[in-house]
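Student: Okay, structure incoming, though there's no sequence with it:
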């Protein structure tokens, strides 16, 4: 849990050049790999399920690479919280912003499909420098210090609207129709509510159907929005992709399968950067053995 002392350490470190901060973050990640037994087991389980074609040694190397980028994302979060607008603009390049602007100019509601890669918060904060968005914020009830600074990082620029998960569909749709892009993160295991089991890397995964339902209710275009962490302290790039065609369809399950299949393809381009420390396959179909 983050303490006030931890916040002070993050504040001091955020003044370092990104190349130095990145190297320190990688070291922190390797420390977490060695001593974070429970999360290491989660990562190893996820990688065994999703990459059965890799042998144990290859999966071990991938797990260590993952913890290194997780460590980077943790330390570089100080820049998200306190870095100047100019520094963030230099660190994070946005590609495809014109696609979003064109849809806004046409009065089309937009969902930015933003999966849980390690650069998620960096990319989200960078977008708020140019767009007033709506997003869902989950309170860190057990850690008020972390909660305060996470909220600060996501709302420090512009006029951002952060909704609680219990605020539901209506508030999100209203915000989208008012012109706010929805920075939407639907790829974690949120339990059985509003979820169906569809494949993710060939494994049935409880996946919420919100992308299809929200796009239909709001009449929204879906733009994939992926943040990539670049190597060597070179920063990040936010990629806003082409509008999904023929989405949503009349088949919610097919739409949800499409989302997971698309995400799997992106994960394969940078497998170390997906959020494998999350128990993605925690919820199982009735009768199935638990993985964790």
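Tutor: Sure, I can see it. Here the structure is a predicted model, which means the values were calculated and not measured. Residues are numbered from 1 along each chain as shown.
Student: Does residue 130 touch residue 94 like I think?
Tutor: Yes: Residue 130 lies in contact with residue 94 (Cβ atoms under 8 Å); the separation is 7.2 Å. Where C-beta positions appear, they are placed from N, C-alpha and C, glycine not excepted.
Student: how near is the residue positioned nearest the centre of the chain to residue 131?
Tutor: When Cα atoms, centre = their mean is applied to the chain, the residue found nearest the centroid is residue 116 (2.5 Å). Residue 116 sits 20 Å away from residue 131, going by Cβ to Cβ, to the nearest Å.
Student: which stretches of the chain form strands?
Tutor: Using DSSP state E, the strands assigned to the chain run over residues 92-95, 110-113, 134-136, 161-163, 182-184, 195-200, 203-208, 221-229, 236-240.
Student: Among those, single out whichever gets nearest to residue 273.
Tutor: Within the strands of the chain, the stretch nearest residue 273 is strand 221-229; the backing value is 5.8 Å (Cβ to Cβ).
Student: Quick one: neighbours of the closest residue to the residue nearest to the centre of the chain other than its chain neighbours, just the number.
Tutor: The shortest distance from residue 116 to any non-neighbouring residue, by Cβ to Cβ, 6 or more residues apart in numbering, is to residue 275 (3.9 Å). Residue 275 sits with 19 neighbouring residues when counted by other Cβ atoms under 10 Å.
Student: what's the average pLDDT for the longest helix seen in the chain?
Tutor: Ordering each helix of the chain by length in residues (DSSP state H) puts helix 56-75 first. When pLDDT is averaged along helix 56-75, the result is 97.
Student: cool, stretch 30-48 as well?
Tutor: For stretch 30-48, the mean per-residue pLDDT is 97.
Student: same thing with stretch 83-103?
Tutor: If you average the pLDDT over stretch 83-103, you get 97.
Student: which other residues reach that stretch?
Tutor: The contact list for stretch 83-103 (Cβ atoms under 8 Å, 6 or more residues apart in numbering) reads 14, 18, 79-80, 110, 112, 122-123, 125-127, 129-131, 157, 181, 221, 223, 227, 235-243.
Student: Give me the residues contacting stretch 279-292.
Tutor: Outside stretch 279-292, the residues that touch it by Cβ under 8 Å, 6+ apart are 41-42, 45-46, 49, 188-189, 191-192, 195, 197, 200, 203-206.
Student: got any ranges where this structure has weak pLDDT?
Tutor: 1-2, 140-141, 166 (pLDDT under 70).
Student: For it, which segments count as helices?
Tutor: Secondary structure of the chain (DSSP H): helices located at 4-13, 18-35, 37-50, 56-75, 77-82, 85-91, 97-105, 120-127, 144-155, 168-177, 210-218, 252-269.
Student: Give me whichever of those is most buried.
Tutor: Mean neighbour count, computed with mean count of other Cβ atoms under 10 Å, is highest for helix 120-127 among the helices of the chain, reaching a mean of 23.
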